[in-house]
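**Q** here is a sequence together with a model predicted from it:
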Amino acid sequence: MQKLVHGIHHFQAKIFRPQRERFEKLADGQRPLAVFVTCSDSRVNPNLITQTDPGDLFVIRNAGNIIPPHHPNPGGEEATIEFAVTELKIRDIIVCGHTRCGAVTGLLHSDRLGAMPAVRSWLSHAEGTRRIIREKYEHLSEGALVNAAVQENVLVQLENLRTHPAVADLLAKGTLKLHGWVYKIETGEVFAFAPKTGQFQPITEHCQPAASATPLATPALCAGHGA
């Protein structure tokens with residue numbers, strides 16, 4: 001805890017004071033550039049990865065970067081998405097998974113979650129991911145299997161997003177874009193799903209795969225980069 005307390009004092013003295021005007025403007029409202037759905041994993045820092053400032057990203061975090069499909073009794077994720085696209089008028093939604101994901105590993109080995117019934121129940125929202133892995137990737141080694149599941153899970157969550165009325169309406173109007181990303185912790189690379197190739201490709205300063213405006217196909221593993 002001492003590190004956190006020290007960090008607060010450093011923020012107030014070295015970060016906030018020189019940028020007081022920016023924070024005062026933020027106090028009057030927010031205009032985020034994108035919704036960023038990612039995992040709760042402490043190794044994933046959306047603002048650090050994207051080098052964005054406070055107010056730039058509207059972040060949703062949970063175990064496994066999961067967005068449950070639309071339900072008559074919507075939960076927190078759907079309510080947050082609805083607010084983001086309806087009230088804040090955000091027009092880009094990113095679902096960002098990451099390598100070495102414990103939630104995805106747990107999804108593939110649900111028999112190990114006996115002591116965590118709440119986790120097991122939550123991961124049931126990604127059952128589509130597990131089904132795809134069983135059908136298409138069981139021949140892979142454990143590490144490759146988890147990597148494949150991380151990628152597939154991103155796409156499954158994008159498809160779940162399409163079932164949300166607020167999202168579906170804007171997609172039909174062509175005013176909303178969905179993006180599937182994977183952050184590779186061990187190299188710092190970020191890969192984006194390219195619908196035209198069916199692969200996750202590295203994002204570079206001069207090359208970003210186009211956002212998806214149509215239903216996504218199952219991805220091919222990006223063998224050249226091992227996302």
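**A** Thanks, I have it.
**Q** what residues of stretch 92-107 count as buried?
**A** 93-99, 101, 103-107 (16 or more other Cβ atoms under 10 Å). Quick note: C-beta positions are derived from backbone N, CA and C, even for glycine.
**Q** so where's this protein uncertain?
**A** Low-confidence segments of the chain, defined by pLDDT under 70: 205-227.
**Q** the helix ranked longest in it - contacts with which helices or strands?
**A** In the chain, assigned by DSSP state H, the helix with the most residues is helix 142-161. Here helix 142-161 touches strand 92-98, helix 102-108, helix 127-136, strand 177-184, strand 189-194, going by 3 or more Cβ pairs under 8 Å, 6 or more residues apart in numbering; DSSP states H and E.
**Q** save the ones you listed as JSON lines, and put in distance to residue 82 too.
**A** Below are the helices and strands packed on helix 142-161 laid out as JSON lines (distance: least, Cβ to Cβ, whole Å):
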{"stretch": "strand 92-98", "distance to residue 82": "12"}
{"stretch": "helix 102-108", "distance to residue 82": "24"}
{"stretch": "helix 127-136", "distance to residue 82": "22"}
{"stretch": "strand 177-184", "distance to residue 82": "15"}
{"stretch": "strand 189-194", "distance to residue 82": "24"}
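**Q** buried residues in the longest helix of the chain, which are they?
**A** Neighbour-count burial for helix 142-161 [16+ other Cβ under 10 Å]: 145-158, 160-161.
**Q** check these and tell me the two furthest apart.
**A** 145 and 161 (24.6 Å; Cβ to Cβ).
**Q** that older thread, of the buried residues of helix 142-161, closest to residue 42?
**A** Checking the buried residues of helix 142-161 one by one against residue 42 (Cβ to Cβ), the nearest turns out to be residue 150, at 16.8 Å.
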